[in-house]
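1. Have a look at this prediction, sequence included:
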Amino acid sequence: MKTLLVFGQSGQLARALAAEAPMYGCAVICAGHERGDLAARPQAAVEIIAAEKPGLVINAAAYTAVDLAEKEEEKARAINALAPELMAKECGNQNIPFIHVSTDYVFDGRAGRPYVESDTPHPLNAYGRTKLEGEQRVLSVRPQAMVVRTSAVYERGGKNFVDTIRRLVKEKNSLRVVNDQIVSLTRARTLARQLLVLAEQPEGGLYHATAQGEAAWFAIAGVIRDHENAACELVPITTVEYGAPADRPRYSVLDNARLRLRGLDRMHHWREDLMEYLDGG
Ligand SMILES: NC(=O)c1ccc[n+]([C@@H]2O[C@H](COP(=O)([O-])OP(=O)(O)OC[C@H]3O[C@@H](n4cnc5c(N)ncnc54)[C@H](OP(=O)(O)O)[C@@H]3O)[C@@H](O)[C@H]2O)c1
């Protein structure tokens, strides 16, 4: 049985990978920040890989606090760029397949159509800059690594839009929700399965792996509100009105072009996954 080493433990994707990997014939070891703090010592990643000698490594660890990253870019850079480079290098030394996860926020959202892997990135915020640097560092030291961009991730036990809105529509009479950011809402469980499928047929380079379809946060909130039969009024607002510290792309939908081309796209429509999730599945 192959051993999968996951960087990340309590994170949304890390937990989903731990739950799903046995179905793909993998034993799993998760390494969270208590095993090695990648901000303080990115080198810890190398020591963990060397100690565990896994058959596959997936990096689900990241600095994901998009707004806070504006003030903590160096910390975000250590976790999102320096540590992944070291992981990729060590996996190269030991000839271990490596999957690194990245984000739609490497794009500026001005394309006006879904982004394919060959589109030129141009991040709008510090988080996106550190994630883009991570992609570039990983692929420059290990072209055989797979860098998989995803978007708007949610899963049970995580800090995410779906769970937040589900709670708030029951607590509040009215809720302002951003209506000018279009995303592909992606369930971590589906993404985890997709990464495990990709790992079975490794081929280096960039991939996009997001749910099919697209929607503004406001429309997604409407689906959640209706599912919960809540009376909460939803008020559409703009990104500027919301006033978050970090700017975000207005249209960051990704096209899973390369997965589709390889016959490996296992992602679902966002609405199908969301309904199943809200129904408890
Ligand atoms: N969340 C989204 O909406 C979204 C959107 C696009 C792309 N992505 C990408 O998808 C991937 C998975 O995201 P997620 O939503 O699962 O993230 P998450 O729930 O925020 O989890 C982050 C993970 O990173 C680990 N981590 C954070 N700081 C660390 C440190 N200093 N040292 C070691 N580990 C550290 C955490 O470790 P512990 O388990 O020890 O806490 C946790 O497992 C990331 O690459 C992210 O950039 C996410």
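-> Right, received. Where do you want to start?

2. Distance of the residue nearest to Leu132 when sequence neighbours are not counted relative to the ligand?
-> Nearest residue to Leu132, sequence neighbours excluded (Cβ to Cβ, 6 or more residues apart in numbering): Val106, at 4.5 Å. Heads up, the C-betas are built off the backbone N, CA and C, glycines and all. Per Cβ to the nearest ligand atom, to the nearest Å, Val106 is found 10 Å from the ligand.

3. Please identify the residues of the stretch 51-200 of the chain in proximity to the ligand?
-> 60-64, 79, 101, 103-104, 131, 150-153, 158 (Cβ under 6 Å from any ligand atom).

4. Farthest-apart pair in these, please.
-> Ile79 and Ala152 (19.9 Å; Cβ to Cβ).

5. Between these two, which has more neighbouring residues?
-> Neighbour count, other Cβ atoms under 10 Å: between Ile79 and Ala152, Ile79 has more, with 26 against 23.

6. Just the element for Arg176, please.
-> strand 174-178 (DSSP states H and E).

7. I misspoke; the intended subject was Pro236.
-> Applying DSSP H and E as the criterion places Pro236 in strand 233-237.

8. on contacts alone, who are the packing partners of the strand holding Arg176?
-> Strand 174-178 is packed against helix 161-171, helix 217-227, strand 233-237, helix 239-242, with contacts defined by 3 or more Cβ pairs under 8 Å, 6 or more residues apart in numbering; DSSP states H and E.

9. want to try a markdown table for these, with mean pLDDT and mean neighbour count as columns?
-> Below are these laid out as a markdown table (pLDDT from 0 to 100; neighbours: other Cβ atoms under 10 Å):
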| stretch | mean pLDDT | mean neighbour count |
| --- | --- | --- |
| helix 161-171 | 97 | 17 |
| helix 217-227 | 98 | 19 |
| strand 233-237 | 98 | 16 |
| helix 239-242 | 96 | 13 |
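
10. So which bits of the strand holding Arg176 are buried?
-> For strand 174-178, burial by neighbour count (16 or more other Cβ atoms under 10 Å) applies to 175, 177-178.

11. circling back to that earlier point, extract the C-alpha trace of the strand holding Pro236 and format it as CSV.
-> Output of strand 233-237 as CSV, limited to C-alpha atoms (Å, rounded to 0.1, in the frame of the first residue of the first chain):
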residue,chain,number,x,y,z
GLU,A,233,-33.3,39.2,3.1
LEU,A,234,-30.2,39.1,0.9
VAL,A,235,-28.9,42.5,-0.3
PRO,A,236,-26.5,42.5,-3.2
ILE,A,237,-23.4,44.8,-2.7
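
12. Can you check what angle separates it from helix 161-171?
-> With axes from the mean of the first three to the mean of the last three Cα atoms, to 10 degrees as the basis, strand 233-237 and helix 161-171 are set at 130 degrees to each other.

13. What residue in the stretch 151-281 of the chain comes nearest to the ligand?
-> Nearest residue of the stretch 151-281 of the chain to the ligand, counting by Cβ to the nearest ligand atom: Val153, 3.6 Å away.

14. Can you list phi and psi of that residue for me?
-> phi -90, psi 140 (degrees, to the nearest 10).

15. Okay, helices next: where are they in the chain?
-> 12-20, 44-52, 73-77, 83-94, 126-141, 161-171, 188-200, 217-227, 239-242, 257-261, 270-278 (DSSP state H).

16. Tell me which residues are up against the fourth one.
-> Judged by Cβ atoms under 8 Å, 6 or more residues apart in numbering, the contacts made with helix 83-94 from elsewhere in the structure are 7, 38, 42-46, 49-50, 53, 57, 59, 61, 96-98, 100, 134, 137-139, 141-142, 144-145.

17. 6 Å instead, please
-> Outside helix 83-94, the residues that touch it by Cβ atoms under 6 Å, 6 or more residues apart in numbering are 38, 42, 45-46, 49, 57, 59, 98, 100, 134, 137-138, 141-142, 145.
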